[in-house]
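Undergrad: curious how this folds, go ahead:
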Amino acid sequence: MKFLVIGLGSMGKRRIRCLKRLGYNDITGFDLREDRCQEVVQKYEIKSESDWESAKKVPADAWVISTPPNLHMNYAFQAIEQKKHFFTEAGVSVDRMNNLINELGNSNIVGVPSCTMRYYEGPKKIKELVQNGSIGRPLFFVYHWGQYLPTWHVYERYQDFYVSKRETGACREIVPFQLEWLVDIFGTPKTISCLKDKISGLDADIDDIYQLQLKFENGMMGNLIVEVFSQPAVNLIRVAGTEGTIEFDQHENKFRLYKTEDTKWTEVELDAGLAEKGYIYAEEPYVEEMKDFISGILGEKQYPYTFADDQKILNLLQKAEQSADQGSHIKTSLNLQ
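TA: Residues are numbered from 1 along each chain as shown. Below you'll find the model as predicted:
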């Protein structure tokens, strides 16, 4: 199978590594920046193009769209026009989403969005323990994700990076990235409220913290905090239930379970995986995600996340921002269409 990777920033390079680990070497990279093109040619021994008209003529079976989020739809619709299967990184907008879903439904093209967090060992273990009743009925979770924005890409000024722009700001990108796996485990919240603001001294026109409160149909509640000024980085969730509690610190790869009947904590060992130099998170979840995308193309299994699913998550982001603007709780209407 042949691939065209569109966008050769940190995620594009990561996707190239994933494809090569899966045994695919017929890869062409595209980026308007010639320096990025030369980098992937030298580092990964693949072909590259810096002219889009030439790149879209590359005889690829599938496109991997790793551009800034505001460009995803542009390339997705071109992929459908060119009859190419495609994968996009996490998005931030529902603009043109209905059209995309309809066009995919009328084609034989496999087009899917990223859902990387489902492939991490921590979220997978939380889902297993919640579903098998290990903590009884879940009552509440609090999840804090934070990472200092200037360290996201140490090789470039964060002010020049799309996460410093209001439309594609870092928190706006990370909130749906995290909501996706939380909703997969706990269901769609029936009400949502949000506080967001810029409270740090970062040189970026973005809200640098989002604090969401979620209430679910079964009475469960949750807090999600996403911010981009924490030093050091934090990725910590605690889930409390009627019969126990789960704690997971992703940065420390520490997972433990408290059972009320035993009145003690039990450490749970997880495979931390290996991170590429200069990256915080392990490569394995991204490799498995690419593997499932390819399996979907080959008809071996169904990829676990669709653009219809993504539309619901991005509508939650919109509801959260509406809540922050209005200073009120917002009903989500559950189906979020």
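
Undergrad: list the contacts of the closest residue to residue 194 other than its chain neighbours.
TA: Leaving aside its sequence neighbours, residue 194 sits nearest to residue 320 (CB to CB, 6 or more residues apart in numbering; 3.9 Å). In this view, the C-beta of every residue, glycine as well, is placed from N, C-alpha and C. Residue 320 is in contact with 175, 192-194, 196, 210, 212, 330, counting by CB atoms under 8 Å, 6 or more residues apart in numbering.

Undergrad: repeat that for 10 Å
TA: Counting by CB atoms under 10 Å, 6 or more residues apart in numbering, residue 320 touches 172, 175-176, 179, 189, 192-196, 210-214, 224, 330, 332.

Undergrad: what helix or strand is it on?
TA: Using DSSP states H and E, residue 320 maps to helix 307-326.

Undergrad: mind checking what helix or strand follows that helix in sequence?
TA: Following helix 307-326 in sequence, per DSSP H and E, is strand 330-331.

Undergrad: note down every partner strand of that next one and its orientation.
TA: Sheet pairing of strand 330-331 (DSSP bridges) gives strand 189-197 (antiparallel).

Undergrad: can you list the buried residues in the strand it pairs with?
TA: Neighbour-count burial for strand 189-197 flags 189, 191-194, 196 (criterion: 16 or more other CB atoms under 10 Å).

Undergrad: any chance of those residues in a markdown table, plus distance to residue 46?
TA: A markdown table is the format used below for the buried residues of strand 189-197 (distance: CB to CB, whole Å):
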| residue | distance to residue 46 |
| --- | --- |
| 189 | 42 |
| 191 | 48 |
| 192 | 43 |
| 193 | 46 |
| 194 | 42 |
| 196 | 40 |
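
Undergrad: now, which of the residues you listed sits nearest residue 38?
TA: residue 196 (39.3 Å; CB to CB).

Undergrad: ok, the residue nearest to residue 194 to residue 212 distance?
TA: From residue 320 across to residue 212, the span is 5 Å (CB to CB, to the nearest Å).

Undergrad: please apply the same query to residue 271.
TA: 30 Å.

Undergrad: quick one: which of these two has more around it?
TA: Legend: neighbour count by other CB atoms under 10 Å for residue 271 and residue 212, higher for residue 212 (26 against 9).

Undergrad: in what helix or strand does the nearest residue to that one once chain neighbours are set aside lie?
TA: Closest residue to residue 212 apart from its sequence neighbours, by CB to CB, 6+ apart: residue 224 at 4.4 Å. Taking DSSP H and E as the definition, residue 224 sits inside strand 221-227.

Undergrad: other SSEs contacting that strand?
TA: strand 138-146, helix 170-186, strand 189-197, strand 209-216, strand 234-241 (3 or more CB pairs under 10 Å, 6 or more residues apart in numbering; DSSP states H and E).

Undergrad: with mean pLDDT and distance to residue 34 as new columns, can the ones you listed be given to me in CSV?
TA: Putting the helices and strands packed on strand 221-227 into CSV (pLDDT from 0 to 100; distance: least, CB to CB, whole Å) gives the following:
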stretch, mean pLDDT, distance to residue 34
strand 138-146, 98, 35
helix 170-186, 97, 26
strand 189-197, 97, 37
strand 209-216, 97, 36
strand 234-241, 98, 35
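
Undergrad: can you put those in JSON lines and add distance to residue 43?
TA: As requested, the helices and strands packed on strand 221-227 are arranged in JSON lines below (distance: least, CB to CB, whole Å):
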{"stretch": "strand 138-146", "distance to residue 43": "29"}
{"stretch": "helix 170-186", "distance to residue 43": "25"}
{"stretch": "strand 189-197", "distance to residue 43": "38"}
{"stretch": "strand 209-216", "distance to residue 43": "35"}
{"stretch": "strand 234-241", "distance to residue 43": "28"}
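
Undergrad: and of these, who's closest to residue 98?
TA: It's helix 170-186; of the helices and strands packed on strand 221-227, that one is closest to residue 98 (CB to CB) at 17.3 Å.

Undergrad: between that closest one and helix 307-326, how many degrees?
TA: For helix 170-186 against helix 307-326, the angle by axes from the mean of the first three to the mean of the last three CA atoms, to 10 degrees is 120 degrees.

Undergrad: Provide a list of residues in contact with residue 134.
TA: Contacts of residue 134 by CB under 10 Å, 6+ apart are 125-126, 128, 241, 243-244, 246, 257, 259.

Undergrad: ok, residue 191 next?
TA: 213-217, 221, 319, 323, 328-332.

Undergrad: which among those end up buried?
TA: Looking at the contacts of residue 191 with 16+ other CB under 10 Å, the buried ones turn out to be 213-216, 221, 319, 323, 330, 332.
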